[in-house]
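Need coordinates for the following:
(one chain, ligands or ions: 3)
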Amino acid sequence: MNKNKEALLLTRCLSIALLGALLLPGRAHADPVSIALHSVQGGATAVLPADLGSPLSMGMITLPSAGAAVAISVTGLTGQSNYLVELLVLGASSAWNTLRLEVIDPLRDGDDGLDVVPYHEMVPGGFSTSNNSDGLSFAQDAGLERSALFAGGSATVNADETTDRGDVLTFAGVAGAAGELRLKFGLRDYAGGRDFLVLFSAADSVATPEPASMFLIGTGLAGLAAIRRRRRGAEVAG
Ligand SMILES: [Ca+2]
Ligand SMILES: [Ca+2]
Ligand SMILES: [Ca+2]
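Ligands and ions are numbered 1, 2, ... in the order given. Coordinates of the predicted model:
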């Protein structure tokens, strides 16, 4: 075989290989990603952006007190891909101390057999917690940033995501945050193209003295001071 024939054969082989690669089913591709507001609880509000950008921005939510929650639905993640997501969270300052995130997936889609039931009360009707085999997660082991930063500090991050109980991230120690929390976390839909929820909720209420009890403490101290003055006056007189 001369050099020209060899080159021709090589070119043909490469062409066939390339064609084969194009025809093989590749990664499930499901972009573009879209998000929508699913539900709110406890006076929470959400402002979702028209353009998600990259990293994905989910916009801004406000959780005014512990127990308030926002569920955002996510659709169209590309399979086997890890996404970094950003969100601004308002309302922590002097109201609550922990931001909780959970992946919530639809019921009756064939992947709920391993779920730990009953589901907790914050799981919306028709949905379920995410088990460790359904391919929906906060992109565990992907090494994506998980943080909640605020002026002068950052949250302590914990994950509970390696059992069938659910996929949960907590960001604790945010009660002193004046202004917003700048939240970052990962998301993954291993199969791709599914519709699921991310539930954001505020927990660990921060006890603040009621105005009435502050008044009582104030008048109590004033009363004590008056008694001391009177006693001192009596001692001097006596
Ligand atoms: Ca499911
Ligand atoms: Ca499930
Ligand atoms: Ca999961």
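
Run a quick neighbour tally on Met60.
Per other C-beta atoms under 10 Å, the neighbour tally for Met60 reads 15. No exception for glycine: its C-beta is placed from N, CA and C like everyone else's.

what's the neighbour count on the residue nearest to it when sequence neighbours are not counted?
Closest residue to Met60 apart from its sequence neighbours, by C-beta to C-beta, 6 or more residues apart in numbering: Leu88 at 4.1 Å. Look at Leu88: counted by other C-beta under 10 Å, it has 16 neighbours.

what's the distance between the closest residue to ligand 3 within the chain and Asp115?
Nearest to ligand 3 in the chain, going by C-beta to the ion, is Ser130, at a distance of 3.6 Å. Using C-beta to C-beta, to the nearest Å, one gets 8 Å for the distance from Ser130 to Asp115.

more crowded one of the two?
Between Ser130 and Asp115, counted using other C-beta under 10 Å, Ser130 has the larger neighbour count: 27 against 21.

so what's the residue nearest the centre of the chain bridging to?
Central residue of the chain (C-alpha atoms, centre = their mean): Leu101, 3.6 Å from the mean position. When bridges are called by DSSP bridges, Leu101 pairs up with Leu169, Phe200.

if I pick it, what's in contact with it?
Leu101 is in contact with Phe138, Val168, Leu169, Thr170, Phe171, Phe185, Val198, Leu199, Phe200, counting by C-beta atoms under 8 Å, 6 or more residues apart in numbering.

Could I have the buried ones of those residues as PyMOL selection syntax?
To isolate the buried ones among the contacts of Leu101 in PyMOL, judged by 16 or more other C-beta atoms under 10 Å, type:
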select buried, resi 138+168+169+170+171+185+198+199+200
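
Output the contacts of Leu101 in CSV; the columns should cover distance to ligand 2 and pLDDT.
Shown next, in CSV, are those (distance: C-beta to the ion, whole Å; pLDDT from 0 to 100):
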residue, distance to ligand 2, pLDDT
Phe138, 15, 98
Val168, 13, 98
Leu169, 17, 98
Thr170, 20, 98
Phe171, 23, 98
Phe185, 19, 98
Val198, 14, 98
Leu199, 13, 98
Phe200, 18, 98
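
List just the nearest of the contacts of Leu101 to Ala151.
Proximity to Ala151 was ranked across the contacts of Leu101 by C-beta to C-beta; first place goes to Phe171, at 15.3 Å.

for ligand 3, what are the nearby residues on the protein?
Residues of the chain found near ligand 3 (C-beta under 5 Å from the ion) are Ser130, Asp134, Leu136, Ser137, Asp167.

List only those of the residues you listed flagged as buried.
Ser130, Asp134, Leu136, Ser137, Asp167.

Let me have those residues in a markdown table, extended by distance to ligand 2 and pLDDT.
As requested, these are exported to a markdown table (distance: C-beta to the ion, whole Å; pLDDT from 0 to 100):
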| residue | distance to ligand 2 | pLDDT |
| --- | --- | --- |
| Ser130 | 5 | 98 |
| Asp134 | 6 | 97 |
| Leu136 | 8 | 98 |
| Ser137 | 12 | 98 |
| Asp167 | 10 | 98 |
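
Now do the buried residues in stretch 171-179.
Neighbour-count burial for stretch 171-179 flags Phe171, Ala172, Gly173, Val174, Ala175, Ala177 (criterion: 16+ other C-beta under 10 Å).

Report how many residues lie close to the closest residue to the fifth one other than its chain neighbours.
If I follow you right, that is Ala175. In this structure, Ala175 finds its nearest non-sequential neighbour in Asn97, 4.0 Å apart by C-beta to C-beta, 6+ apart. Per other C-beta under 10 Å, the neighbour tally for Asn97 reads 20.
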